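S.K.: Take a look and give me a structure for this.
(2 chains)
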Amino acid sequence: MNVGVVTFPGSNCDADFRRAIDRVEGLRAVALWHKDTDLSGVDAVVLPGGFSYGDYLRCGAIARFSPMMQSVARFAAQGRPVLGVCNGFQILCEAHLLPGVLMQNRDLSFLCKDVTILVERTDTPWTRGLANKLVLPIAHGDGNWQADDETVKRIEGDGQVVFRYQSNPNGARNDVAGLCNAARNVVGLMPHPERAVDPLLGGTDGLGFLTSLVEVLA
Amino acid sequence: MITAEQLKKHKLTAGEYGHARDVLGREASLTELGVLSVMWSEHCSYKSSRKHLARLPTTGPRVVIGPGENAGVVDVGDGWCVCFKMESHNHPSFIEPRQGAATGVGGILRDVFTMGARPIAALNSLRFGRPEHPKTRHLVDGVVSGIGGYGNCFGVPTVGGEVVFDASYDGNCLVNAFVVGTMKRDAIFLGLATGIGNPVIYVGARTGRDGIHGATMASDEFSDKKAVERPTVQVGDPFQEKLLLEACLELMRSDAIVGIQDMGAAGLTSSSVEMAGRAGNGLLLELDKVPLREEGMTPYELLLSESQERMLIVAKQGREEDVRKIFDKWDLQAVVIGRVTDDGIWRCTWHGEEVCALPVPLLTDEAPKYDRPQARPDWQDAVQVLPTVTAGDASADLLALIGSPDHCSREWIWSRYDHQVGAATVIRPGSDAAVVRMHDTTKAIALTVDGNSRHVYLDPVQGGMGVIAEGARNLACVGAVAVGATDNLNFGNPERPAIMWQIANAIDGLAAGCRALDVPIVSGNVSLYNETDGNAILPTPTVAMVGLIEGELPAIGARLGRAGLEVAVIGALPTHGVGGSSWLARVHGLLRGKPPTVDLVAEKALHTALIKLVREGLVEVAHDSADGGVALALAEICLPLRSDASVGLVGELPGSGDRTARLFGEDHGRVVIAYDRHQAPAIDAVLAGIPRTVVGISGGSRLTLTDAGAPVIDVAIDALTARWRDAMPTYLAGDPWPV
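M.R.: Numbering: from 1, shown residues only, chains lettered A, B, ... in the order given. Here you go, the predicted model:
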């Protein structure tokens, strides 16, 4: 099964994600370029972390208009699995594939540390079999998820919150660390699963995202 | 006719200009004067330091490329190399901390990837003034956000560093940035303009008026009168740099180029001159072809601009289109602006008219070199006299020390750096050395940066040796063998004999340390004129060292983490007293005495044994005991760090003699270890005669040390932790430094 990892010009976690995917038996990483539109027949798509087009405007605001994102939006509309991590989550929100927006952290500074997140849904293609709690690294300046009252009410009612911070690091509304769309196939989160796939590098809690995919795609 | 006033503005002496005029056989034009000024600045020419730098050992069996290129390269086996360098951005960071620090990181990243290496980690060494100085908080905040903002976006993990606060940096902060990258040995690129007729290609960002005369500014003193120098600070764009990295690495795989160099200090001028100089060729540059960001720029301005994120490439003839295609892919421009010539002259034209014609050697090898007079400062003897100080309550002193600007937790800083991008950071910031795995290999590198300006001030030779000893010891603590180092020599005005004496002697100390511990210096940087209104900074040579770990990564920590471990100090326990110590500075406000001397032979033996102990898994914790003394090292291993909870320690203060010196003296050659006590015989077998002095057993919630049964230190770990953890966040939130 092939997992496409989109490289925007300022992506800097794309190679890390491809390596993480290639560690998992049954998965193979395929590099996708932002200027292309061909998804190369992949079975799932990952939007990795980084600073897509520099993000001097709102994070992910320009990436949304890239040729590849038009294909990713169609892929998502077909119910196929899409995961956005960090900048990828920001892009998914800007592209309206996920609700809300990611604003600057409460303390207005970049924050890199391990956080504990609570897993609230295990019926998405990316979260099947995940434990109740995961320890994953965050590294972002804009991870403060916000939405209007009506949206919050809707997604809470619909159970679209997939991950919540145990201890909120960035001011995100309702402690939201990650979300899915109503159809459950598109998932976005701020923490970095691809940085937690090796016991030597501080844990393997990120592997479950990929083994879940293997199970779903099998 | 060049006037005295013009020379003064360009910081050239009449003698220097006279030499240029003699070589040229005519007066220089104003544009040429600007070029001479930057090429002959201290920053570019090393005119005061070159003679002394020659004493540093720069070769060794692993050294592939030593000083003189954009960065040094060391072979780490199996066809792999590491490429690294450290460089200062002190003056710009003081004027505009965020952009100054950011572009410092940008510059050093380019120095590394221009060699063909992909950057895999960054460190920084920072010096700020007293916390209570009105500018300090603003500088810390700006510098840290500048480093983080650039590195995080570019995608290089910033995995460690050091920071010191001292009044001597009140008017002159130091920002030394280090980057290391990896490459295959057969894929190293050099800054060479070879091949007559080959095209010179300008790539990356457009040229603006920013940073004009940055190199000459870096070679000047500050004074209150010059507080407004904003136009000479460059502005960084890390996204552009990321594109440049990917485009350059892709280009290097294409076989289309012969040489490449970053446009760093002195921009287009120094990059093109140096490339021509290394190849022994000349260059013709058509300046009107340089892509400009601003209208109406003159040749003078565009030659001296230090606009960021630009590189100069010499391609093979006929491959121009290949270069352009790759840069197109990354939405960057690549413009042919000239060609390599055979006459050894660096020529520039502006719409067909020649505006510069300077012999390349005049600008490079024949730049002025000085053997400036040195004199041992008349105050040196006086500061080496240690006044009588009364020892107070050691527990209170320890609490003061651990919450002091020297030793408190740096988490406020490193949590603002993405220290994990690249998914290779094995040991994160906060330990003796960081460890980063090299992807696609079974190797990892360990990284540390150190400097102890108090020791260097009091005794430049011993202080210089100490910096090297401490660096290598930090690497040994994580099981790594030092393979190379890069230095950044930050000093005051070399035209003052006392400063020149500090420089020469510190270099002697560094050289002795490097030779004894087999650590070649493969790259470096000199930053002089770090003075404000005639007051020099403390002499601050900083050294970043790279260590190699082959094969399986050892499980080693810098925290006890659990109860029941035996804790010991390894290494001899003579005491050199508290001269130059952090205790003396922080508790008594004194910078006095003689710093500890370094026994380099014992040091080498200790490192060799320690590496073996760590590699064989005989010890669970290894932590350098230098800065702050044994007491501080013992306290630090009790503190929490990430998933490691705090654990207490009950034991006996090691050694004999003056108690304060045993607690807080900063002798080299000793390391605190913790291990399962059943391992003691195996540990002693490895130590082979190096003393192991047992302190006690981990456990409980207090640090309790006795001396011959008498209580010396008894303090709750929670109290230590609170002082250590809260100091910097409290200060940076706007409150006074907590005491």
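S.K.: number of nearby residues for A:Arg18?
M.R.: A count of neighbours around A:Arg18, defined by other C-beta atoms under 10 Å in any protein chain shown, yields 21. All C-beta atoms are positioned from the backbone trio N, CA, C, and that covers glycine.
S.K.: So which bits of the helix or strand encompassing it are buried?
M.R.: Assigned by DSSP states H and E, A:Arg18 falls within helix A:14-23. In terms of neighbour count (16 or more other C-beta atoms under 10 Å in any protein chain shown), helix A:14-23 has its buried residues at A:Asp14, A:Ala15, A:Asp16, A:Phe17, A:Arg18, A:Arg19, A:Ala20, A:Ile21.
S.K.: Name the residues linked to B:Ala434 by a beta bridge.
M.R.: Beta bridges link B:Ala434 to B:Leu447, judged by DSSP bridges.
S.K.: Are the helix holding A:Arg18 and chain B in contact anywhere?
M.R.: Yes. Counting by C-beta under 8 Å from any C-beta of the partner chain, chain B is contacted by helix A:14-23 at A:Ala15, A:Asp16, A:Arg19, A:Ala20.
S.K.: Among these, which one lies nearest to chain B?
M.R.: Minimum distance to chain B across the residues of helix A:14-23 next to chain B is 3.9 Å, recorded for A:Asp16 (C-beta to the nearest C-beta).
S.K.: Excluding chain neighbours, what is closest to that closest one?
M.R.: Leaving aside its chain neighbours, A:Asp16 sits nearest to B:Ala423 (3.9 Å; criterion: C-beta to C-beta, 6 or more residues apart in numbering or on different chains).
S.K.: neighbours around the one you found, how many?
M.R.: B:Ala423 is flanked by 23 other residues according to other C-beta under 10 Å.
S.K.: that older thread, output the contacting helices and strands for the helix holding A:Arg18.
M.R.: strand A:2-7, strand A:28-33, helix A:207-217 (3 or more C-beta pairs under 8 Å, 6 or more residues apart in numbering or on different chains; DSSP states H and E).
S.K.: you'd agree B:Glu495 is up against B:Leu528?
M.R.: No. Between B:Glu495 and B:Leu528 no contact is recorded; they are 9.0 Å apart, counting by C-beta atoms under 8 Å.
S.K.: Compare neighbour counts for those two and give me the winner.
M.R.: B:Leu528 (27 against 14).
S.K.: Verify the contact between the more buried one and B:Glu42 for me.
M.R.: Yes. Between B:Leu528 and B:Glu42 a contact is recorded at 5.2 Å, counting by C-beta under 8 Å.
S.K.: so which strand or helix has B:Asn152?
M.R.: With DSSP H and E as criterion, B:Asn152 is part of helix B:136-154.
S.K.: ok, then the element right after that helix?
M.R.: strand B:158-165.
S.K.: ok, and the closest non-adjacent residue to the closest residue to chain A within chain B?
M.R.: Closest to chain A within chain B is B:Gly155: 2.7 Å, counting by C-beta to the nearest C-beta. Nearest in space to B:Gly155, with sequence neighbours left out and distances taken as C-beta to C-beta, 6+ apart, is A:Asn12 at 2.7 Å.
S.K.: Touching, that neighbour and B:Pro119? I think so.
M.R.: No. At 11.0 Å, A:Asn12 does not count as touching B:Pro119 under the criterion of C-beta under 8 Å.
S.K.: Overlap of the contact sets of those two?
M.R.: Shared contacts of A:Asn12 and B:Pro119 (C-beta atoms under 8 Å, 6 or more residues apart in numbering or on different chains): B:Phe154.
S.K.: which bits of the stretch 601-739 of chain B sit near chain A?
M.R.: B:Arg642, B:Ser643.
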